[in-house]
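Participant: how would this look folded up:
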Amino acid sequence: MFCPFCQAEDTKVIDSRQVADGTQVRRRRECETCQGRFTTFENADLALPRVIKSDGERQPFNGSKLKAGMQRALEKRPLSTEDIDALFSKIINNIRQMGEREIPSRTIGEVVMTALKNVDQVAYVRFASVYRDFQDIKEFAQEISSLSSEKTPKKSKK
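Facilitator: Below you'll find the model as predicted:
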């Protein structure tokens, strides 16, 4: 690491500690030439895959576009901003763990729908209606009935 004061190449680490929930390392450094001290932050560089759109076009992954779609589906639903951020992080981690350099947009949509289905079924139907391009009320009804059949029946109290 170059010294930001004198541009010397030799700097030494004085102190290291984890910050940001362990996702970042803070390092205090000292220049061996001018004795200037400075702080650096180290993050893991985890690249997200390129997205293969349905028309075959390839685009860089756009997390803000994905999060905006999730937020539209979750609008006026009982999830806090922190819950939405945690869900988004979980989805991003799932996509990274696939280990693919390129991923079809359909696969990303399925990952999002699975995550939403487990958290909020109304948001899931909203997202699915746009993602799967529902054309009429019958398609909504089919999706809702498939959700109802997936639920385990509750035992009645006697």
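Participant: Let me see the ranges of the strands in this protein.
Facilitator: Per DSSP state E, the chain carries strands over the ranges 11-19, 24-31, 37-43, 50-52, 58-59, 102-104.
Participant: CSV please, covering those and showing mean neighbour count.
Facilitator: All C-beta atoms are positioned from the backbone trio N, CA, C, and that covers glycine. CSV is the format used below for these (neighbours: other C-beta atoms under 10 Å):
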stretch, mean neighbour count
strand 11-19, 12
strand 24-31, 16
strand 37-43, 12
strand 50-52, 17
strand 58-59, 10
strand 102-104, 14
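Participant: Any chance of those in a markdown table with distance to Arg77 and mean pLDDT as columns?
Facilitator: A markdown table is the format used below for those (distance: least, C-beta to C-beta, whole Å; pLDDT from 0 to 100):
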| stretch | distance to Arg77 | mean pLDDT |
| --- | --- | --- |
| strand 11-19 | 32 | 92 |
| strand 24-31 | 31 | 93 |
| strand 37-43 | 31 | 90 |
| strand 50-52 | 26 | 95 |
| strand 58-59 | 28 | 95 |
| strand 102-104 | 27 | 95 |
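Participant: And these: which comes nearest Phe5?
Facilitator: strand 24-31 (6.4 Å; C-beta to C-beta).
Participant: Same list (the strands of the chain) but as TSV, adding distance to Val125.
Facilitator: Putting these into TSV (distance: least, C-beta to C-beta, whole Å) gives the following:
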stretch	distance to Val125
strand 11-19	39
strand 24-31	37
strand 37-43	36
strand 50-52	24
strand 58-59	27
strand 102-104	22
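Participant: Could you point out which of the ones you listed sits nearest Ala115?
Facilitator: The closest of these to Ala115 is strand 102-104. By C-beta to C-beta, the value is 15.4 Å.
Participant: Neighbouring strands of that closest one in the sheet, and parallel or not?
Facilitator: Looking at strand 102-104 with DSSP bridges, its partner strands are strand 50-52 (parallel).
Participant: Show me the shaky parts of this structure.
Facilitator: Low-confidence segments of the chain, defined by pLDDT under 70, span residues 20-21, 45, 151-158.
Participant: ok, which stretches of this protein are helices?
Facilitator: Defined through DSSP state H, the helices belonging to the chain, from first to last, are 63-73, 81-97, 105-119, 121-131, 137-150.
Participant: Thank you kindly, that will do.
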